[in-house]
Structure formats: structure tokens, C-alpha cells
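> Starting from these lines, generate the structure:
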Amino acid sequence: MEPVKRVFLGSIATETNTFSPLRTDLQDFKDSFYAPPGQHPETPTLCSAIYPVARARAAQYGWQLVEGTATWAEPGGIVNQQTWVFLRDQLLSELRAAMPVDIVLLGLHGAMVAQDCLDCEGELLAAVRSIIGPTAIIGATFDPHSHLSARRAEHADVMTVFKEFPHTDFVEVAEQAVDLVQQAANGSIVPEISTFDCLMIEVLPTSREPMRGFVDRIKTLEGKDDILSISVIHGFMAGDVPDLGSRIVVITDGERRKGDDLARKLGMELFDLRGTTRPEFLCPQEALDRAAASHQKTVVVADVWDNPGGGVPGDSTIILRELLARNVQNAALASIWDPIAVRTCMSAGVGARLRLRFGAKMSADSGAPVDADVTVRNVVRNAVQSFGTSVVPLGDSVWIDIGGIDVILNTVRSQVFNPDIFSNLGIDPVAKSLLVVKSTNHFHDAFSRISDEILYAAVDGPYPNDPAANEYKHLTRAIWPRVEDPHGSHIE
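Below you'll find the predicted structure:
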């Protein structure tokens, strides 16, 4: 019988848009998700699925779990330094109190940037390693929209990354991390991490080809010929850091050279897909023209760049104004972030009709505020939506009717994941001719179940969506599309 292993769990996660007009502090973490030690819910969250997975595996693996704090902030602007230091030091203090440990499992995002730290996850991993020593095992899960620094690969023994975009596999990835760290801790594998820099910035949705086929193929390679895991770091173009860009991560069982060769091969194959992976992005007018001409019962239009999941406020009114100008009927939009307008509507009460100004408060790129007579159709305190088995907070939210268009206003920023964002407010999404959602691609899996017509509308705003022209200050290496051939004669 194997000896009991002490396993420490921790999670600090957010995605930082360094160009965002927002800033992120401790309250943003508490508004989105904050679970003190031992209080993580049974349901998984995107970046802390290691908690319920480790609990489920504990008896089988003979683990004694010590749970540290788990917290997540909705993507936003740069994290203030005091918040980062507090969260970092709190988790490290919890780890020191748990010592000695055999395994540390961390649920991270990978694109967190603080005021004085461009690589928060790398700093955290290095600090964890200094506490637990060289022989204990460190495993970490990451979001693919992250930055992979050499510091992270140096200090982690296992890194697993969501393969899917939308991230429907976050529980599966946590399971893979848990299983691999167990094997590493009992000596049945010797994980070696190989990485390759694709020198590319691109949007890589796996809900369509060619990324669908690429991901399916790398899955078939795992578990064979000493290949333990393969991951794709997509990168996060709104994060101005030195390590911005796509990378391949291969973990082998003691076969570093094989891993290096495979990572390089797959990385160049991914590089060859550049410029072909994005869905067709339409201007708002064309997207709405196509929606109007569609024969589908319900058409979905995604406002891809005013997506709070990319760290922007999510208060743009540009597409809503176009809907109003066209006198579109039987449409619903989710959502516009405006805590002040929500509070006003809640004070007015359900059924009230009032003159309301809402939206476009945080950026000159978000259009102009809407001033209109609206009817308050519903008020929901602490509203939520689903993302797989996760519960995503929206905060106090209201459904207003403006000129025959249903609009959701919310107080806790969130992109749209699921049609229940509408139904939880009392709006029947399948009864609508048009649904407008603020999300880049995470909405796709759930909404494709209710609509065969999904259109992507690209509205310029506070999200820096042109990597060739974005004003990066910390990104200094040659990278496509800023440089046409960063690999130089396309090395083989």
C-alpha cells in the first residue's frame, strides 16, 4: 500500500487586458469567485476545477488534501499591486502552514498581469518551488489564452491546458493534471516539458476547421510512445507582455528530445494555419443584414470584441443603437454592464416605465449612452448563467424593454456563455428571432444547440483586436503578423 500523500490545492486566476480602461482589485475577485480554504463548492469553476476533481480522486490515490484559497476575477484591466501581493502571499502562507507536502496543484489562468509584475503565474510558481523544494511535484492547469514564460516551464513538473475554445473541457484537463501528478509522485513517470514558440498571434477557435482537426489529431497522439500530454497555448493578444504569442507544450515520460522534436513539428504546423482559423468577422450592419435575410427561426449575432471575457467593460451600445435605428423587433441582447442603471431600474420596480440613460460609460470607443423610455420587465438579484457545470455570476440584473428589444443589464461583468442568461431573467431565447450576445466564442457550444445561424460581428472598441497594429511596449521579439516570416525562411 502506498503511503498517504499530502496534496496542497490553490487557485489564483484572472485574464488581464493591459489595454483595458478598467482596473482589477480584490473586490473584483470577491465579486466573481472567492472561496476560502475548505469552502470551494462541489461544482467546478473554469480555473479551479482541480478542487472537485482532486476531492473525487483523493480516496483512490491515498491523498490527504489541504485546500488553500481559490479565487477568480472576471477578465479586466491591470491588477493593482496590493491585490496581487495579498493574494500571492495569502496562498504562500497557506502552503507554508500545510508543509510538508508531496504535491502542489494550482488552478491558474496564465494571463494575469499586475501593476509591477508582468508574469504573476511565473512568480507564483517560483515562490512555490522555493517553499516545497526540488523533489515535490508541482502541477498546474492553464487557460490557452495565456502567456507561457520559461519561468513557468522551469518550475512546474506538469502543465495541462484547455484544448477547446470554447473551453468545454476544463474538467477533463483538471483530471489529466491530477492523474499525471499522481503518476509523477509515485515514480511511474518522469515528466519532461518541451515547448515551442510558434511566433504567432492569432484567434484559434476549435469549434470550426482547421483548429477542430488539429486538436483532434493531437489528442490521438497522447498516451502513446511516451507522450503524456500535448497542449496549445493560443496566447492573449490583449496582454502586452514579453511572452505574448502561441506555443506548443509537449510532456513526455523522460523523452525530452522526442518532446522537443514533436513540439517543433506541431508548432510549425500550427504556424502554417495562420490567417485561416478565424470565423468570418462582419461589420455590424452586414451581420444584421444577414440576420434579417435568414430563414432560421432564431439567429445569433456575437459582438466579439465588446466581450467582458476579453477584459473590456462590456458596455458598448453600438450594435444596440443599430438595432434601434432599424426598428428591429423580437430581439434580445445580453448583456450591457451598467451597475448604476441596474440600481435605478431596481428602485423603479418591475412594470415601471421610466426615462433611462445606460451603457457606454467606460470608454469613448463604446459608442454613446442610450437615452430612452424603457419598461422594467424583471429584476433578479444575484443572477447567474451556466457554463457547462459551472455557475457564473452576473450580479443583480434587470430585463428592460426598449422599443420592442429586450436588453439585460447586469452589475457583475461577464461574457455570455449559455442561453439561460436570457431564460434566468424571464426571456425565452428560442422565441426570439434575433439574439445578440457579447462573447468571442465561448457562447458557441450552447447557442449552436438552439440556432443553426451564428454570425460574428466585429465592432472596434477598447479591445486591441489588430495585433499587427497594437501598441505593444513589452513585446520585442519578431512575431506574425507584425513580421511576415518570423521563423526566417520557414525552418523545417
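> Now Val304: closest residue in space that isn't a chain neighbour?
Computed as Cβ to Cβ, 6 or more residues apart in numbering, the closest residue to Val304 that is not its neighbour in sequence is Thr440, at 4.7 Å. All C-beta atoms are positioned from the backbone trio N, CA, C, and that covers glycine.
> Next, the contact list for the one you found, please.
With contact set as Cβ atoms under 8 Å, 6 or more residues apart in numbering, Thr440 has these partners: Val203, Ala302, Val304, Trp305, Asn307, Gly309, Gly310, Gln415.
> Among those residues, name the ones in strands.
Residues of the contacts of Thr440 located in strands (DSSP state E): Ala302.
> Distance to Ile137, pLDDT and neighbour count added to the contacts of Thr440, as JSON lines?
Output for these, formatted as JSON lines (distance: Cβ to Cβ, whole Å; pLDDT from 0 to 100; neighbours: other Cβ atoms under 10 Å):
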{"residue": "Val203", "distance to Ile137": "34", "pLDDT": "97", "neighbour count": "19"}
{"residue": "Ala302", "distance to Ile137": "40", "pLDDT": "98", "neighbour count": "29"}
{"residue": "Val304", "distance to Ile137": "39", "pLDDT": "96", "neighbour count": "24"}
{"residue": "Trp305", "distance to Ile137": "40", "pLDDT": "96", "neighbour count": "24"}
{"residue": "Asn307", "distance to Ile137": "36", "pLDDT": "96", "neighbour count": "25"}
{"residue": "Gly309", "distance to Ile137": "31", "pLDDT": "96", "neighbour count": "22"}
{"residue": "Gly310", "distance to Ile137": "33", "pLDDT": "96", "neighbour count": "27"}
{"residue": "Gln415", "distance to Ile137": "34", "pLDDT": "97", "neighbour count": "28"}
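> circling back: kindly state the pLDDT recorded for the residue nearest to Val304?
Looking at Thr440, its pLDDT is 96.
> in the chain, which spans are helices?
Secondary structure of the chain, counting by DSSP state H: helices at 26-32, 50-61, 81-98, 120-132, 150-155, 170-185, 211-221, 256-272, 284-293, 318-325, 339-348, 420-423, 444-447.
> Ile12 is nearest to which of these?
Nearest to Ile12, of all the helices of the chain, is helix 81-98, at 5.0 Å by Cβ to Cβ.
> could the contacts of Thr440 go into CSV alongside distance to Phe170?
Formatted as CSV, those follow (distance: Cβ to Cβ, whole Å):
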residue, distance to Phe170
Val203, 19
Ala302, 21
Val304, 21
Trp305, 23
Asn307, 18
Gly309, 14
Gly310, 18
Gln415, 15
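> Closest one of the contacts of Thr440 to Asp225?
Proximity of those to Asp225 (Cβ to Cβ) peaks at Val203, which lies at 31.3 Å.
> Looking at the helices of the chain, which is nearest to Ser246?
Judged by Cβ to Cβ, the one of the helices of the chain that comes nearest to Ser246 is helix 256-272, at 6.4 Å.
> what does the closest one rub up against?
Residues contacting helix 256-272 (Cβ under 8 Å, 6+ apart): 192-200, 214, 218, 221, 225-227, 230, 232, 246-252, 480, 487, 490-492.
> Which of those residues fall in strands?
When those are checked against strands (DSSP E), the matches are 192-197, 227, 230, 232, 247-252.
> Gly426: neighbour count?
By other Cβ atoms under 10 Å, 13 other residues sit near Gly426.
> Identify whichever of the helices of the chain lies nearest to Val376.
Closest approach to Val376 among the helices of the chain is made by helix 339-348 (4.8 Å; Cβ to Cβ).
> counting contacts, what elements does the closest one pack onto?
For helix 339-348, the elements it packs on are strand 353-358, strand 370-387, strand 390-402, strand 405-410, judged by 3 or more Cβ pairs under 8 Å, 6 or more residues apart in numbering; DSSP states H and E.
> Nearest approach to Pro44 belongs to which of those strands?
Among these, if distance is taken as Cβ to Cβ, the winner is strand 390-402, at 6.0 Å.
> Report the backbone C-alpha coordinates of that closest one in CSV.
Extracted in CSV, the C-alpha atoms of strand 390-402 (Å, rounded to 0.1, in the frame of the first residue of the first chain):
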residue,chain,number,x,y,z
SER,A,390,-20.1,25.9,-13.7
VAL,A,391,-22.3,28.7,-12.3
VAL,A,392,-21.3,32.1,-13.5
PRO,A,393,-22.4,35.2,-11.5
LEU,A,394,-24.0,38.2,-13.2
GLY,A,395,-24.8,40.1,-10.0
ASP,A,396,-28.1,42.0,-9.6
SER,A,397,-29.6,42.2,-13.1
VAL,A,398,-32.6,43.6,-14.9
TRP,A,399,-34.5,42.9,-18.1
ILE,A,400,-35.6,46.1,-19.8
ASP,A,401,-37.8,46.5,-22.9
ILE,A,402,-36.6,49.4,-25.2
